[in-house]
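Could you work out the structure for the sequence below:
(2 chains)
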Protein chains: 2
Amino acid sequence: MIKVIAISRQFGSGGRTIGKETAKLLGIPCYDREIIEKVSQNCGFSKEYVENQGEYANHRSWLGRAFDGANRFDGMTNQDKIWVEQRKIILDIAEKPCVIVGRCADYILRDRDDVLKAFIHADDVSRAERIVKLYGEKDDKPEKRLKDKDKRRAAYYKYYTETEWGVAANYHISLDSGKLGIDGCVKILAHIYGAI
Amino acid sequence: MIKVIAISRQFGSGGRTIGKETAKLLGIPCYDREIIEKVSQNCGFSKEYVENQGEYANHRSWLGRAFDGANRFDGMTNQDKIWVEQRKIILDIAEKPCVIVGRCADYILRDRDDVLKAFIHADDVSRAERIVKLYGEKDDKPEKRLKDKDKRRAAYYKYYTETEWGVAANYHISLDSGKLGIDGCVKILAHIYGAI
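Just a heads-up that it's a prediction; the model follows:
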């Protein structure tokens, strides 16, 4: 019996939309930006800061972690504090049926039998089209934006979970939203939620 | 519209059974050992030799490839010859609706829009139980057998395809048969076959 779906996703794969739509179909809540807001309220950091530090490795600060006194209190960096707070919030919301997008929820809930760990990915062309449509053109080309963001997500994931982001064996199901469609992925996840 | 399902699988994950059952449900043929038999007929190598050389890197021969004159004709090793023949047979059978298990069919058919590339995996405990049930106890422990066989499959795949085996982004769908069940995986694949 599945109670919680934890979705990891490549940037631009539509993982967030798939989470929201699956939750809607199942009549359960979906948590994504809500987690950022809660962490911001509890820790006092701005939402923008939490959004960035709570899922992405920051090259400058990550290289400088060991020597960066200004960013530390009680032996913890701000990023560590956000990790701890995010973890608490995820454990709390996962007590009831829900979908959780990103923020290593799949790892945080890894020991629970009632959690389905999903990974959403897509080919570079579909993802580039999607980010330009959703977030507009930027100075960097879409391909560079995809690469940079995925690299920082993977590094963050690796640092806090010590496992590899995007390796099939680390998830119960991985879906290519470019091939299967956003709706197709929603139907498959909703089917599994009800079926096992 | 999907015409062919190409299944890659971890050793002991039930990928072959999932392929057979999905094909049965869809009323289309499933090719697995049949490919070995065809290669054996066409090349003159024994079935056992084709089975081993057509999907697994052999540490001795792979290390010795460059210097191993005895295993070469026309600049090709026996393994290269089997690869070429397997590739021809896979391209041929993929002209009609079917399921193909293993043998890098996902890579060989990668440019076709009507091919669904699936990867089946499972946790080590489920896989160890399965191989002991199917193939019996051996001198090596099940965990070692799983590790050795997956390592050789991954090395073979990498050598001939130059892509990584088991990375979610290389497949359209990856399923954990330990979590979703053999039947669960069959239903999802058959659903996609009819749906997109």
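
Skip the chain neighbours and tell me the closest residue to the residue nearest the centre of chain A.
For chain A, A:Gly102 is the residue whose C-alpha lies nearest the centre (C-alpha atoms, centre = their mean; 1.4 Å). Nearest residue to A:Gly102, sequence neighbours excluded (C-beta to C-beta, 6 or more residues apart in numbering or on different chains): A:Glu55, at 5.8 Å. To be clear about C-beta, it is placed using only N, CA and C from the backbone, and glycine gets the same treatment.

where in chain A is pLDDT low?
Applying pLDDT under 70 to chain A flags the ranges A:58-74, A:196.

quick check: longest helix of it.
For chain A, the helix with the greatest residue count under DSSP state H is helix A:142-161.

so how far is that one off the chain centroid?
11 Å (C-alpha atoms, centre = their mean, to the nearest Å).

Contacts made by it with the rest, please.
A:8, A:10-12, A:55-59, A:62, A:83, A:104, A:107, A:124, A:127-129, A:131-132, A:138, A:140, A:163-166 (C-beta atoms under 8 Å, 6 or more residues apart in numbering or on different chains).

can you give me the helices in chain A?
Counting by DSSP H, the helices of chain A are A:15-26, A:33-43, A:47-53, A:59-63, A:78-93, A:105-108, A:124-135, A:142-161, A:177-180, A:182-195.

Burial check on A:Phe119, number of neighbours?
Per other C-beta atoms under 10 Å in any protein chain shown, the neighbour tally for A:Phe119 reads 26.

any idea how far it is from chain B?
Distance, A:Phe119 to chain B, by C-beta to the nearest C-beta, to the nearest Å: 5 Å.

Chain A against chain B: which residues are in contact?
A:10, A:116, A:119, A:121, A:166-169, A:171-176, A:179-181, A:184, A:187-188, A:191-192, A:195-196 (C-beta under 8 Å from any C-beta of the partner chain).

I'd assumed B:Ala168 was in contact with A:Val167.
Yes. Using C-beta atoms under 8 Å, A:Val167 is in contact with B:Ala168, at 6.8 Å.

and those two? which has more neighbours close in?
Set A:Val167 next to B:Ala168 and count neighbours by other C-beta under 10 Å: B:Ala168 wins out with 26 against 17.

Surely the more buried one touches A:Ile173?
No. The pair B:Ala168 / A:Ile173 is not scored as a contact, 9.5 Å apart, by C-beta under 8 Å.

residues shared between the contacts of those two?
Overlap between the contact sets of B:Ala168 and A:Ile173, as judged by C-beta under 8 Å, 6+ apart, is given by A:119, B:174.

Could I get the helices of chain A in a markdown table, plus columns for mean neighbour count and distance to B:Tyr159?
Formatted as a markdown table, these follow (neighbours: other C-beta atoms under 10 Å in any protein chain shown; distance: least, C-beta to C-beta, whole Å):
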| stretch | mean neighbour count | distance to B:Tyr159 |
| --- | --- | --- |
| helix A:15-26 | 21 | 32 |
| helix A:33-43 | 18 | 43 |
| helix A:47-53 | 17 | 40 |
| helix A:59-63 | 12 | 33 |
| helix A:78-93 | 19 | 39 |
| helix A:105-108 | 24 | 31 |
| helix A:124-135 | 15 | 25 |
| helix A:142-161 | 17 | 25 |
| helix A:177-180 | 23 | 26 |
| helix A:182-195 | 19 | 32 |
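
Those: which one's closest to B:Ala94?
Closest approach to B:Ala94 among the helices of chain A is made by helix A:177-180 (17.0 Å; C-beta to C-beta).

What residues does the closest residue to A:Ile188 other than its chain neighbours make contact with?
Spatial nearest neighbour of A:Ile188, chain neighbours left out: B:Ile188 (6.1 Å); criterion: C-beta to C-beta, 6+ apart. The neighbourhood of B:Ile188, defined by C-beta under 8 Å, 6+ apart, consists of A:188, A:191-192, B:173, B:175, B:180.

what does A:Leu91 give?
A:108-109.

Can you mark which positions in stretch A:109-118 are buried?
Burial within stretch A:109-118, assessed by neighbour count using 16 or more other C-beta atoms under 10 Å in any protein chain shown, is assigned to A:109, A:115-118.

Convert it to PDB, retaining C-alpha atoms only.
Extracted C-alpha coordinates of stretch A:109-118, given in PDB (Å, rounded to 0.1, in the frame of the first residue of the first chain):
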ATOM      1  CA  LEU A 109      11.900   8.400   3.400                       C
ATOM      2  CA  ARG A 110      13.900   5.500   1.900                       C
ATOM      3  CA  ASP A 111      13.200   3.100   4.800                       C
ATOM      4  CA  ARG A 112       9.400   3.300   4.500                       C
ATOM      5  CA  ASP A 113       7.600   0.600   2.700                       C
ATOM      6  CA  ASP A 114       4.700   2.900   1.900                       C
ATOM      7  CA  VAL A 115       6.700   5.400  -0.100                       C
ATOM      8  CA  LEU A 116       7.000   5.200  -3.900                       C
ATOM      9  CA  LYS A 117      10.300   6.700  -5.100                       C
ATOM     10  CA  ALA A 118       9.900   8.100  -8.700                       C
END
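
still on that earlier bit, tell me who's in contact with the residue nearest to the centre of chain A.
Neighbours of A:Gly102 in contact, by C-beta under 8 Å, 6+ apart: A:7-9, A:15-16, A:32, A:55.

Pick the one among these closest to chain B.
Set against chain B, the nearest of the contacts of A:Gly102 by C-beta to the nearest C-beta is A:Ser8 (9.4 Å).

pretty sure the closest one is touching A:Asp106, no?
Yes. Shown here, A:Ser8 and A:Asp106 form a contact pair, counting by C-beta under 8 Å, at 5.5 Å.

list the residues that contact both of the two?
Contacts common to A:Ser8 and A:Asp106, judged by C-beta under 8 Å, 6+ apart, are A:117-119, A:171.

Show me the two of those that sit farthest apart.
A:Lys117 and A:Phe119 (7.5 Å).
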